[in-house]
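**Student:** give me a model of this one.
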Amino acid sequence: MTDLTRDALGWSPFYMSQLEIEELETLTPARITTVHRDRVNALSEVGPLVLTLDPGITTAAVAVGDWVLAAPEQHRLVRVLDRKTELSRGTEYHTGEKQLIAANIDTLFITSSCNNDFNVARLERYLALAHDAMITPVIVLTKADKCDDPDHYIDEARKLGRDLEVLAINAKGDDVAKALAPWSGKGQTIAFAGSSGVGKTTIANALTGGQALTQDIREDDARGRHTTTGRSLHQIPAGGWLIDTPGMRGLGVAEVEFGIDATFPEITELAQHCKFRDCQHESEPGCAVQAAIARGEIDPERLRRFKKLKRENAYATETIAQSRDRHRKFGKMVKSAMAKKKR
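**Tutor:** Prediction:
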């Protein structure tokens, strides 16, 4: 990979605009491929790099897919550039921060199987995260070859968004790379999300020619076992890049109000026409959403899932805000105590 160009790695004017002239002359742009406890691996025009982080930067603030500025001869990571997109999840309530998953993704393949793993509520959670991050979502349904009626799953998935791309494939088939080719061309970055055992690693192997270890699904509950244990960036022969991520069965949401609204556009648009601004879409008079349900235009189960995600997001967002406030107050207390000691 020593002959890679910046463009081939996914570089764009968005990142170039962030560089000062001096940085452009003295530092090297590089893209993060793996993040370790005390160092990171990256790819650049000068070849693969192993970098330590300058003071003030921690590995918790660096994600696979990030663009950074490096000093290769000193093996230093100097600065992390602003991200075009950022995929994260709201699980780190005790620290007041969301957990970084990956950065600068163009397309998120949300993967499920045509069996008992198929769960519309889970798919909507991933869609909310993708929409909030401004990442294009594509639903990929695997094990279509083992299902008697794959069209049923395709139809159910297509109900989850307007103009939402839905693909049904055999993850072990010969046409996987061709099916995903429109999103994995030169400089494009893709990632997979979905529960364990649905075929993400098998698809990753088909795209990259890799030999990642896979494990079979347990037929009794349609669940698989984790095979990917860390996030990493891999080159696709078609010219794109794949960020491989571990399966995530438990997926919390936090600070994704926009993403939820974008995932349920038919509800959020109608809500603007409710008589009361704070309408809960239950039994209030003049509720446009309930009127649409009565006309058969909206599935009441879809509204129930929308409200559940809204409640979870509101609680998690408030919890994170409280935690951040607590950390700020603690920081001020420490600074005040240190200032008194110096007197």
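
**Student:** what about the stretch 1-150 of the chain, any weak spots by pLDDT?
**Tutor:** Low-confidence segments of the stretch 1-150 of the chain (pLDDT under 70): 1-2, 90-98.

**Student:** now do the strands in it.
**Tutor:** 28-35, 40-44, 47-53, 67-71, 76-80, 86-89, 99-103, 107-113, 136-142 (DSSP state E, counting those that start in this stretch).

**Student:** so which of the ones you listed is nearest Tyr315?
**Tutor:** strand 86-89 (14.9 Å; CB to CB). Every C-beta, even on glycine, is put in place using the N, C-alpha and C of the backbone.

**Student:** show me the strands paired with that closest one, marking each as parallel or antiparallel.
**Tutor:** strand 99-103 (antiparallel) (DSSP bridges).

**Student:** closest one to Lys275 among the strands of the stretch 1-150 of the chain?
**Tutor:** Taking CB to CB, strand 136-142 is the member of the strands of the stretch 1-150 of the chain nearest to Lys275, at 33.0 Å.

**Student:** just give the number of residues close to Arg39.
**Tutor:** 14 (other CB atoms under 10 Å).

**Student:** check Leu51 too.
**Tutor:** 22.

**Student:** list the beta-bridge partners for it.
**Tutor:** Val40.

**Student:** am I right that it is in contact with Val40?
**Tutor:** Yes - between Leu51 and Val40 there is a contact at 5.3 Å, judged by CB atoms under 8 Å.

**Student:** could the strands of the stretch 1-150 of the chain be laid out in TSV, adding distance to Thr317?
**Tutor:** Formatted as TSV, the strands of the stretch 1-150 of the chain follow (distance: least, CB to CB, whole Å):
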stretch	distance to Thr317
strand 28-35	26
strand 40-44	30
strand 47-53	29
strand 67-71	28
strand 76-80	25
strand 86-89	13
strand 99-103	15
strand 107-113	22
strand 136-142	22
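
**Student:** so which of those strands gets nearest Ala204?
**Tutor:** Of all the strands of the stretch 1-150 of the chain, strand 107-113 sits nearest to Ala204, with 10.0 Å by CB to CB.

**Student:** sheet partners, orientation included, of that closest one?
**Tutor:** Note on strand 107-113: by DSSP bridges, its sheet partners are strand 136-142 (parallel), strand 189-193 (parallel).

**Student:** now those in a markdown table, with distance to Ala294 and mean neighbour count?
**Tutor:** Listed next are the strands paired with strand 107-113 as a markdown table, based on distance: least, CB to CB, whole Å; neighbours: other CB atoms under 10 Å:
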| stretch | distance to Ala294 | mean neighbour count |
| --- | --- | --- |
| strand 136-142 | 29 | 24 |
| strand 189-193 | 35 | 26 |
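
**Student:** right, and those - which one's nearest Gly259?
**Tutor:** strand 136-142 (10.1 Å).

**Student:** what's whatever helix or strand comes next after the closest one in contact with?
**Tutor:** Following strand 136-142 in sequence order, the next helix or strand is helix 150-158 (DSSP states H and E). For helix 150-158, the external contacting residues (CB atoms under 8 Å, 6 or more residues apart in numbering) are 112, 114, 118, 120, 123, 139, 141, 144, 147, 164, 166, 168.

**Student:** my read: the fourth one touches Leu160, true?
**Tutor:** Yes - counting by CB under 8 Å, a contact exists between Val120 and Leu160, whose distance comes to 6.4 Å.

**Student:** so between the two, which is more surrounded?
**Tutor:** Leu160 (20 against 17).

**Student:** any idea how far that one is from Leu69?
**Tutor:** 39 Å (CB to CB, to the nearest Å).
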